Each structure stands twice: as C-alpha cells, then as structure tokens.
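Dropping a prediction and its sequence here:
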Amino acid sequence: MTATVIDGKAFAAKVRGQVAEHVARLKEVHGITPGLAVVLVGEDPASQVYVRSKGKMTVEVGMASFEHRLAIDTSEADLLKVVHDLNNDPAVHGILVQLPLPDHLDSDLVINAIDPAKDVDGFHISNVGLLGTGQKSMVPCTPLGSLMMLRDHLGSLSGKSAVVIGRSNIVGKPMAQLLLNDSCTVTIAHSRTADLPSVVRQADIVVAAVGRPQMVQGDWIKPGATVIDVGINRIDAGTKDDGSPKTRLVGDCDYDSCAAVAGAITPVPGGVGPMTIACLLANTVTACCRANGLAEPEGLTA
Ligand SMILES: NC(=O)C1=CN([C@@H]2O[C@H](COP(=O)(O)OP(=O)(O)OC[C@H]3O[C@@H](n4cnc5c(N)ncnc54)[C@H](OP(=O)(O)O)[C@@H]3O)[C@@H](O)[C@H]2O)C=CC1
Ligand SMILES: Nc1nc(=O)c2c([nH]1)NC[C@@H]1CN(c3ccc(C(=O)N[C@@H](CCC(=O)O)C(=O)O)cc3)C=[N+]21
C-alpha cells in the first residue's frame, strides 16, 4: 500500500481563505478588525522565522498584527506588564507568547496571566479545564489542525483506536483530549512506555509528537492506519556546493517506511505546521467574535 498524502499546506490555505472571509465580514458589517499579538523573548533563529511567518499570514487574512520582541534578559515583571497591557488593549483579540521562554522566566505563570478569552494558544489553565470537561474553550492550534485533517480524511473518528506519542501540555495531552472528545479509544505513549512499537501497532490513528527525528518506523504502523506527524526536526543533510553545511526538516516518523504501510500520512514540511498557523488565525477570529457577542465562524473550532 502507498499512503494518501494529506496535504496540510493546501488545507491550511483553505482554512486561511475561510478566516479571510470572516475577517472581511467583521470589518464591513461591524467595523471590527481582529488583532493578534505575538510576544517573542530572545532571538532564537527558528522562533524568529516562525514569528515572521505568523505575522505575514495575519496581515494576509486582513487582521492586525502586533509584534513584541523583547530582550533575552527581560525580567518576569516586565514580561507580565506586556501581557497585562495586551489584555487591556481592545485592538488585541489574541495573544501568543512564543515558547519555550528563557529559563529564568516561569512559563506557567506567564501563560496563566493571559486573559483566557485572548489565549489563542489554548494553554491557559482555564482553557485546559474547559476542554477537559467538554466545554467551549480556546483549543490549542497544533492539535486542532491535526484534528481537522483527521476528520477531513476519515469522517467520523468514533470508535477508532488512537495512539498519541508524547504527553506535552502543548501537543500530546490536548491532542489526546480532542480525540477522546471525538469518541476515540485513546492511548498516550511517552518515554517510559514499554514496547512502544507494539502499542503503536494497535492504532487506527497515530499522532507522533515526540521531537525525535524519524523515530517511528513503518513496521510499527498497522496497515492502513492514518499517521499524523507533528514533529519538526532540523537534521544535517550533507554540504552545499560551496561547502557550507546543509540541513533539512524531517518529522518524528520515518516517512518512506511509514508511507509504505499507512493508509494516509502527513508530510514534513507541508503537514501539521501550516495547519498550526491557520488554526492560530482561526482562533483569533473566534476570540474576536466571542468578545463582541457575535456568532462565531462555523467549522473553525473543535
Ligand atoms: N508542527 C507544529 O506546529 C508543531 C510541532 N512541534 C514539534 O512536535 C514535537 C513535539 O513537541 P513537544 O510536544 O513540544 O515536545 P516535548 O519535548 O515537550 O515532549 C515530547 C514528548 O515525547 C516523549 N518522548 C521523548 N522521547 C521519547 C521516546 N523515545 N519514546 C516515546 N516518547 C518519547 C516525551 O516523553 P516524557 O514526557 O516521558 O519525557 C514527551 O512527552 C517536536 O518535534 C516539536 O518541534 C511542536 C509544536 C508545534
Ligand atoms: N506559544 C507557542 N505556540 C505555538 O504554536 C508554538 C510555539 N509557542 N513555539 C514553537 C512551536 C512550533 N510551532 C510551529 C508552527 C508552524 C510550523 C510550520 O509552519 N512549519 C512548516 C515549515 C517551516 C520551515 O520551513 O521552517 C511546515 O511544517 O511545513 C512549525 C512549527 C508552533 N509552536
């Protein structure tokens, strides 16, 4: 079997198109422009690329983009002040503090200082609790984008067995919660899981969110399963013509061997990554509608 490739890049473009339509309507009918603020502490090159691409797409869908770049030695009090100011700024409907933060800053404290209604990452404890109890919340972007692709490809997820590899607060745990809310039978695997390959082999749906390049092998995959590869890993790829080092992005799955067995698989790049950004924009429109007591866009939330 050769897996269907789930095209996250194309799907994300479609989601951004829907977001752009809602933004246009909010502006025309209500005179409201949704705004997204991104806070970046330090100068991590990968984070900078990612923040720039978010800013560009925010503007492309017609929203206002606010960027706050803070020095790596910013104090917790100063960062909290930035967050409080954004909480109180009526032009800002969504706030994202780029993670990870430098070690001297307490990320739980900072994230829980964000107004939950503006927490477009869905990381605030209130949103985590709302999602866990099946109530309306802001849903974390990477799991939401992964869920959208799964539903699009499989239709109903009810009764399917799903294995999520990884238990982080930002990907693994919320992903498992969303799959559970869609009536999957969910297993969460992690670094202490015994015999991971045979656990993964039970799954109709595999979500890999580990951070280990090409770890999941094709012979771990149940034939026909749907594989969502969340991993973004930059690895060495020889040298360029001029002798300088070359790198490339790979996922947490060994793509070729997994694609030979799976029914469908997301590529890296071009899979979950673009959907994450599209869902961030979708969450910002949703937050803006809720803040103004307006009907929220359909199909853009879990
Ligand atoms: N596409 C996107 O939009 C995004 C991609 N990512 C990518 O997803 C990946 C995961 O990110 P994140 O959740 O933040 O990572 P974390 O490092 O926070 O979590 C990794 C998880 O993987 C588990 N793990 C580590 N090694 C193994 C192993 N050998 N076997 C089984 N489980 C293992 C860890 O287990 P334990 O808890 O026991 O330590 C942990 O739960 C990364 O590659 C990251 O770059 C992240 C966010 C967004
Ligand atoms: N508060 C917070 N929220 C996040 O959602 C968040 C974060 N912090 N910190 C970092 C991780 C990582 N992440 C990615 C999003 C998109 C791509 C993406 O678009 N990737 C492209 C490739 C980009 C490239 O070429 O480098 C792709 O997969 O096709 C990657 C990674 C969001 N994160």
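In hand now; what should we look at? Ligands and ions are numbered 1, 2, ... in the order given.

Quick one: name the residues of the stretch 101-250 of the chain near ligand 2.
Contacts of the stretch 101-250 of the chain with ligand 2, taken as Cβ under 6 Å from any ligand atom, map to Asp121, Cys141, Thr142, Ile232, Leu249. Glycine gets a C-beta too; all of them are placed from N, C-alpha and C.

any idea whether the third one is helix, strand or coil?
It stands for Thr142. Three-state assignment for Thr142 (DSSP: H, G, I helix; E, B strand; the rest coil): helix.

Can you tell me the closest non-neighbouring residue to it?
Ranked by Cβ to Cβ, 6 or more residues apart in numbering and with sequence neighbours excluded, the top spatial neighbour of Thr142 is Thr276, at 4.7 Å.

And the first one, by the same measure?
If you skip the residues right next to it in sequence, Asp121 has Leu96 as its closest partner in space, 5.4 Å away by Cβ to Cβ, 6+ apart.

mind listing what that neighbour touches?
Contacts here follow Cβ atoms under 8 Å, 6 or more residues apart in numbering; on that basis Leu96 touches Leu36, Ala37, Val38, Val39, Lys54, Val120, Asp121, Leu280.

Restricted to buried residues, select the residues of the stretch 101-250 of the chain next to ligand 2 in ChimeraX.
The buried subset of these, as determined by 16 or more other Cβ atoms under 10 Å, is captured in ChimeraX by this line:
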select :121,141,142,232,249
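
Now tabulate the residues of the stretch 101-250 of the chain next to ligand 2 in JSON lines and tack on pLDDT.
Formatted as JSON lines, the entries for those read as follows, by pLDDT from 0 to 100:
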{"residue": "Asp121", "pLDDT": "98"}
{"residue": "Cys141", "pLDDT": "98"}
{"residue": "Thr142", "pLDDT": "98"}
{"residue": "Ile232", "pLDDT": "97"}
{"residue": "Leu249", "pLDDT": "96"}
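
what subset of the residues of the stretch 101-250 of the chain next to ligand 2 is also close to ligand 1?
When Cβ under 6 Å from any ligand atom is applied, the members of those adjacent to ligand 1 are Thr142, Ile232.
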